[in-house]
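In: Just the structure for this:
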Amino acid sequence: MKKLILTTAAVALTAGMALADGHAKTVRMGTEGAYPPYNFINDAGEVDGFERELGDELCARAELTCEWVTNEWDSIIPNLVSGNYDTIIAGMSITDERDEVIDFTQNYTLPDPSAYLALSADADISGGVIAAQTNTIQAAFIADSGATLVEFATPEETIAAVKNGEADAVLADKAFLAPIEADDADLVFLEQEELIGGGVGMGLRESDGELRGKFDAAIQSMKDDGSLNALLTKWEIGGAF
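Out: Okay, the predicted model is just below:
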């Protein structure tokens, strides 16, 4: 990863300098488009969800023009660093490990409980097989526990692994799992939940300090006027600031 950062430094620097003149710029907002209610693709084929609404409002407050780009989760950080887009706004929890590679804005959600979804309320989560999406805080948590981790590229595959018996349970953000549990009579939440991560923030290249500052100010203004809490309530995500 360090080698990748070095080889793409010139691209990242150029992208950062493009914002230096203070005029409104087009900012490419990178998201996964597969993790409702944070982000998903609607019936019209467009990025939708909490982060689409949030990102559009942040760009408006920062006097920037948003252009939305989708990218698979497992390569979302390398493609930010290499300049394929300018931000990550994809339900990405702020962690020390990620912060070594990219920068983050302040958090725009509080840490959201991670929940276990299984076919049985007595599923073994201490010594069993637990599914999680690759490169998530849940995958790291399971890897450090006594359970066996099985990773998948997409969140849909983690649910399928539980349904077909490949995993005893899946661990993911409760906001993501709640509508799935409500719509599937075969799946149940386990009582135990985990509180991991430092909340969700926007990821940016380390060279884009000016852009990070613009989004930090916009996030803070939404916290101050209550509009961020209104969005969190609308999309049923986490607690209020």
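In: so for the longest helix seen in the chain, what's the average pLDDT?
Out: With secondary structure taken from DSSP state H, the chain has its longest helix at helix 209-225. When pLDDT is averaged over helix 209-225, the result is 98.
In: Give me the helices and strands touching it, please.
Out: helix 9-17, helix 50-61, strand 103-104, strand 203-204, helix 227-234 (3 or more C-beta pairs under 8 Å, 6 or more residues apart in numbering; DSSP states H and E). C-beta: built from backbone N, CA, C; applies to glycine.
In: Distance from the second one to the middle of the chain?
Out: What it means is helix 50-61. Centroid separation between helix 50-61 and its chain, computed with C-alpha atoms, centre = their mean, to the nearest Å, is 15 Å.
In: just the last one next, same as before
Out: The chain centroid and the centroid of helix 227-234 are separated by 17 Å under C-alpha atoms, centre = their mean.
In: what comes up buried for it?
Out: 228, 231, 232 (16 or more other C-beta atoms under 10 Å).
In: Report the contact partners of the last one.
Out: Residue 232 makes contact with 50, 109, 238, 239, 240, according to C-beta atoms under 8 Å, 6 or more residues apart in numbering.
In: please redo it, this time with the cut-off set to 10 Å
Out: Counting by C-beta atoms under 10 Å, 6 or more residues apart in numbering, residue 232 touches 50, 54, 108, 109, 110, 112, 175, 238, 239, 240, 241.
In: Surely the fourth one touches residue 222?
Out: If I follow you right, that is residue 109. No: Residue 109 is not in contact with residue 222 according to C-beta atoms under 10 Å; the separation is 11.8 Å.
In: Take the helices and strands packed on helix 209-225 and lay them out in JSON lines including distance to residue 39.
Out: Putting those into JSON lines (distance: least, C-beta to C-beta, whole Å) gives the following:
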{"stretch": "helix 9-17", "distance to residue 39": "22"}
{"stretch": "helix 50-61", "distance to residue 39": "5"}
{"stretch": "strand 103-104", "distance to residue 39": "17"}
{"stretch": "strand 203-204", "distance to residue 39": "13"}
{"stretch": "helix 227-234", "distance to residue 39": "13"}
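In: Residue 160 is nearest to which of the ones you listed?
Out: helix 50-61 (24.1 Å; C-beta to C-beta).
In: Just after the closest one, pick out the following helix or strand.
Out: As assigned by DSSP states H and E, the chain's next helix or strand after helix 50-61 is strand 65-70.
In: What residues of the helix or strand following that next one count as buried?
Out: Counting by DSSP H and E, the next helix or strand C-terminal to strand 65-70 is helix 76-81. Applying a neighbour-count criterion of 16+ other C-beta under 10 Å, one finds 76, 77, 79, 80, 81 buried in helix 76-81.
In: what residue lies at the spatial centre of this protein?
Out: residue 91 (1.7 Å; C-alpha atoms, centre = their mean).
In: Secondary structure element holding that residue?
Out: Taking DSSP H and E as the definition, residue 91 sits outside all helices and strands.
In: Hmm, residue 114 and it touching each other?
Out: No: counting by C-beta under 10 Å, residue 91 sits too far from residue 114 to count as a contact (11.9 Å).
In: what do the two both touch?
Out: With C-beta under 10 Å, 6+ apart, residue 91 and residue 114 have common neighbours 136, 173, 175, 176.
In: which among the residues you listed gets closest to residue 153?
Out: Taking C-beta to C-beta as the measure, residue 153 sits nearest to residue 136 out of the shared contacts of residue 91 and residue 114, at 11.0 Å.
In: Alright, calling it a day.
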